[in-house]
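S.K.: show me the folded form of this:
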Amino acid sequence: MTAIHAAASKPSGTLPIAATLGALGVVYGDIGTSPLYALKEAARAAAHGGDLVPEAMLGVVSLILWALILIISLKYALLILRADNRGEGGIIALLALLSARSAEQGTWRAHLLVVGLVGAALLYGDGAITPAISVLSAVEGLKVDAPSLAPVVVPLTVIILVGLFAIQKKGAGFIGNIFGPVMLAWFLLIALLGIHGIVKSPGVLVAVSPLYAFNFLIHQDFHISFAVLGAAFLAVTGGEAMYADMGHFGRVPIRLAWFAVALPSLVLNYFGQAALLITDPTALDHPFYQLAPDWLHFPLVGFATLATVIASQAIISGAFSLTQQAVQLGFLPRMHIEHTTSHSIGQIYVPLVNWLLAAATLGAVFGFETSDALAGAYGVAVSLLMAITTLLAALVAIQWGYPPVIVIAVNGFFFIIDCIFFAANSAKLFEGGWFPLLLAGIIAFLMLTWRSGVKLVERARGKLRQPEEDLIETAVSRCRARLAGTAVFLASAAKGVPLALTQFVKHNHVLHQRVVLVTVLIDESPRIADEDRAEVIEVIEGITRVILHFGFMQYPTIGEGLKLACHQGKLPGIDLTDVTYYIGRETIIPSEDVPGMWVWRETLFAFLQRNAERTAAFFGVPTGQVVEFGTEIEI
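M.R.: Predicted coordinates for the structure are as follows:
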């Protein structure tokens, strides 16, 4: 949106073919498998239990085409991708750009934080539905030539999904290496299938005109038009991955992959399916598979299943990445995060998120059983997320100095489209749309509870925390002795005395010869350069404060930060292998006497805090060098 933000995180120069191929596999896996079910559901909604007339089919495919053009090509590829946070995208990056995390309670930025956290939670709801509907729709292709195999569809889908979630611990790097080539082959195949269908009925190409979509919608009953809009929206689900994954591939490769490969292939396939249904309305149950010759059906089922597994893998990896960002910025409790040895995808593994997502996905498969039923649950969360993204991007544009009139006109146009699709999908609320919204609501509530609880704890710490002047006086005149060696005390704030140090002096009446107070700050930028990592402040001789700065896309390892500071000469004379780390371990006591949240929410926060990853483990502190001090904090 501005020149300073125009540079993508990838190097310029020659066209980044490898990144473009990678984007095909990771970014477009979800939207690339939408032809398995999107047009079928929209055509069924248009038929409304009756015969599917050619005019209705032309209106449906025209609507899908222009949804792809308006929402994906214009809004996301050309507009939203400009709202980057130093090359990073996604709703967390937008919140960071708007400084919503540090907003004062009751301000408009604080309300934005709530809206943004709801948007982030919606991604988890989407993540639970996408693997279920994608793999189910692929495996259901078995019923085209062998209806007797219908009873094995759900068990086979469950086996595939369980296997997918089980391999996440390994990092799925071996799958990541084939993402791009397989999805390139998939897009080429669906394009060829589409051309095969168009050749049989080339008249379908007149639906390129948006008049067919417009005339269809205004001449139908209101409830039919809304049902078709809700079903047609399935063709653009997955488009939000373009923005979320921008930091991995860069703006140019994502746009190139979309306009050169994904968009043409999707359009050809949708028009091919529409041509087939115009000439043979009886193919409505499985128009995607019936585009192919009979001998290709079973191989196509296998290939489609592989493509949907890739799409699901990308969603799962995205959930891991989102969780890491949310934890870094203090929106979720600390969790155990494993770093794998894979490349470009699946670099981290979050066990708790993996198995909770697996439970939600398998619950969707068992609960809905067919892709048709799941189509009712799909779209509500994504359409609301797209509307939130459009709103936040508009505020970023205004913050960057763009004329508000132009921003309101452009983003307002797309926001209205998002709201229309959300309203259309809301009609499916009782058909299953409640499921992802329920998941998102639970996660958003947990995020807000954690966020509020952290603020209450910090307020309580502030009342207990001694000022630095007390520490100086203690070091100079009150300590009976100074112990040999270096002690590192972890501090939650960059000012005052850590509670662990207060406890240590209170019980032992001594200080080490060298005391280092370490605070980790997660900045609003995605990454902080090594030279800016450590900020060192000399309090008095022998007592040093170190503030380690990390970006929200980086893993905050205290040991590595201190090692870097030593190598840079900022912490001379310290042997990190002979250092003792003192860390406070807090027990939260909910109380009605202290202003804050309702006690039951404080109890929930205390439960989350007890089960969060230990501070030492999360920050990568060597286990054998840690001493913990317990403190009770009443909120």
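S.K.: SS state for residue 587?
M.R.: With DSSP: H, G, I helix; E, B strand; the rest coil as the basis, the three-state label of residue 587 is strand.
S.K.: how much space between it and residue 181?
M.R.: Residue 587 is 53 Å from residue 181, where distance means Cβ to Cβ, to the nearest Å. (C-beta placed from N, C-alpha, C; glycine too.)
S.K.: kindly report the same for residue 549.
M.R.: Residue 549 sits 39 Å away from residue 181, going by Cβ to Cβ.
S.K.: of the two, who's got more company?
M.R.: residue 549 (19 against 13; other Cβ atoms under 10 Å).
S.K.: for stretch 491-506, buried residues please.
M.R.: In terms of neighbour count (16 or more other Cβ atoms under 10 Å), stretch 491-506 has its buried residues at 491, 492, 496, 497, 498, 499, 500, 501, 502, 503, 504, 505.
S.K.: sec struct for the third one, please.
M.R.: Secondary structure state of residue 496, per three-state DSSP, is coil.
S.K.: and residue 361, that one's in a helix?
M.R.: Yes: with three-state DSSP as the criterion, residue 361 is part of a helix.
S.K.: burial check on it, number of neighbours?
M.R.: By the criterion of other Cβ under 10 Å, residue 361 has 27 neighbours.
S.K.: where exactly do the helices run in the stretch 151-300 of the chain?
M.R.: Using DSSP state H, counting those that start in this stretch, the helices of the stretch 151-300 of the chain run over residues 153-166, 173-176, 179-200, 210-219, 222-232, 241-244, 246-249, 251-257, 263-279, 287-290, 297-328.
S.K.: mean pLDDT lowest where, among the ones you listed?
M.R.: Mean pLDDT is lowest for helix 173-176 among those, at a mean of 54.
S.K.: thinking again about what came up before, and of the buried residues of stretch 491-506, the nearest to residue 248?
M.R.: Ranked by distance to residue 248 (Cβ to Cβ), those are led by residue 492 at 31.5 Å.
S.K.: rewinding a little: from the buried residues of stretch 491-506, pick the one nearest residue 625.
M.R.: Within the buried residues of stretch 491-506, the smallest distance to residue 625 is 14.1 Å, found for residue 500 (Cβ to Cβ).
S.K.: these two touch, right, the closest one and residue 629?
M.R.: Yes: between residue 500 and residue 629 there is a contact under Cβ atoms under 8 Å: 4.5 Å.
S.K.: how about the residue most central in space within the chain, nearest residue that isn't a chain neighbour?
M.R.: The geometric centre of the chain, computed from its C-alpha atoms, lies nearest to residue 322 (Cα atoms, centre = their mean), at 4.0 Å. Ranked by Cβ to Cβ, 6 or more residues apart in numbering and with sequence neighbours excluded, the top spatial neighbour of residue 322 is residue 123, at 5.8 Å.
S.K.: so which strand or helix has the one you found?
M.R.: helix 108-139 (DSSP states H and E).
S.K.: among the helices of the stretch 151-300 of the chain, which is nearest residue 593?
M.R.: Among the helices of the stretch 151-300 of the chain, the nearest to residue 593 by Cβ to Cβ is helix 297-328 (30.7 Å).
S.K.: between helix 179-200 and that closest one, find me the angle.
M.R.: If you take axes from the mean of the first three to the mean of the last three Cα atoms, to 10 degrees, helix 297-328 sits at 130 degrees to helix 179-200.
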